[in-house]
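Engineer: Structure, please.
(one chain, ligands or ions: 1)
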Amino acid sequence: MNIDNLPNAKAVYVHDTLDDLSLAVAQRVKASAAQAIAVRGVFHLVLAGGETPRRCYEKLRNLAIDWAHVQIYFGDERCLPRGDAQRNDTMIRATLLEHIVIPQANIHCIPSELGAQDAAAAYAAMLERVAALDMVLLGMGEDGHTASLFPCNPATESTALVVPVFNSPKPPPERVSLGMRTLSAARQKIFLVAGAGKRSALEQLSRGVLLPAARVAAAEWHLDRAALPG
Ligand code: 6PG
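Structural biologist: This is a model prediction of the structure:
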């Protein structure tokens, strides 16, 4: 199979290891942040949840980035109490945000403790005031979902800025996600995909199956060798 056939790939990079992938993406964030801050005075960055980006965040905290001019958003959140160990923002605080100097006002968590519906409405009201998201980091699940946009879930078809998600097959069942349109509209979209568990989804995407991850427009894909289908 030809990995360059990913339907929405602007570019595909294959890295030997997760560590190499993590450093490459962290460098990409640093370069884009510097450029955006030089031109527009601000860098709007959306971070991904899940396990794969952890190492990238650990790399990022050691890079020279003008965090005071970076606004941080979250691609999705699980509906759990604030501070819950399973929340994406808890992981991102522990791996990145607690290690950098950034005003708390620059960190825009999804208030998923309010429940999916109210949290989605509140986050959409905040995002409406943001002219454009500069970069979105994304993971991909084994079923091809991204953020909390799952195959065959009505939330994936929504054109809303932010969507409430129910019946997620990945726990917890209730979540909040940026909508597909919002993800696609960002200036740069970067997927981080690592490990053998992602082979089947990548193989389907390369055959043109439009799983949710393939529906994010013009994305840059960073894969490790273990994720490559045979
Ligand atoms: C979450 C996510 C989700 C994640 C993918 C990949 O809440 O889990 O934001 O979209 O990015 O499921 O997760 P892994 O990197 O752990 O495989």
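Engineer: For the rest of this, base every contact and every neighbour count on C-alpha atoms.
Structural biologist: OK.
Engineer: List the buried residues of the helix ranked longest in the chain.
Structural biologist: Scanning the chain for the helix with the most residues, using DSSP state H, yields helix 18-40. Buried residues in helix 18-40, counting neighbours by 16 or more other Cα atoms under 10 Å, are found at 18, 20-27, 29-30, 32-34, 36.
Engineer: tell me, which of the residues you listed make contact with the ligand?
Structural biologist: Filtering these for proximity to the ligand (criterion: Cα under 6 Å from any ligand atom) leaves nothing.
Engineer: okay, now Asp66: neighbour count?
Structural biologist: 16 (other Cα atoms under 10 Å).
Engineer: could we number from 421 for the rest of this?
Structural biologist: Got it, first residue is 421 now, which makes that one Asp486.
Engineer: near the ligand, which residues of this protein?
Structural biologist: With Cα under 6 Å from any ligand atom as the criterion, the chain meets the ligand at residues 468-472, 496-497, 558-561, 566-568.
Engineer: rerun that using 8 Å as the cut-off
Structural biologist: 468-473, 495-498, 507-508, 558-562, 565-569, 590, 612-614, 617-618 (Cα under 8 Å from any ligand atom).
Engineer: So His642 lies in a strand, does it not?
Structural biologist: Yes - read with DSSP: H, G, I helix; E, B strand; the rest coil, His642 is one of the residues of a strand.
Engineer: Would you list the buried entries among the residues of the chain next to the ligand?
Structural biologist: Under a neighbour-count criterion of 16+ other Cα under 10 Å, the subset of the residues of the chain next to the ligand counted as buried comprises 468-470, 472-473, 495-498, 507-508, 558-561, 565-569, 612-614, 617-618.
Engineer: Okay, and which of these map to strands?
Structural biologist: When strands are assigned by DSSP state E, the members of those inside them are 496-498, 558, 612-613.
Engineer: Just put the residues you listed in CSV and tack on pLDDT.
Structural biologist: Putting these into CSV (pLDDT from 0 to 100) gives the following:
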residue, pLDDT
Asp496, 98
Glu497, 98
Arg498, 98
Leu558, 98
Leu612, 98
Val613, 98
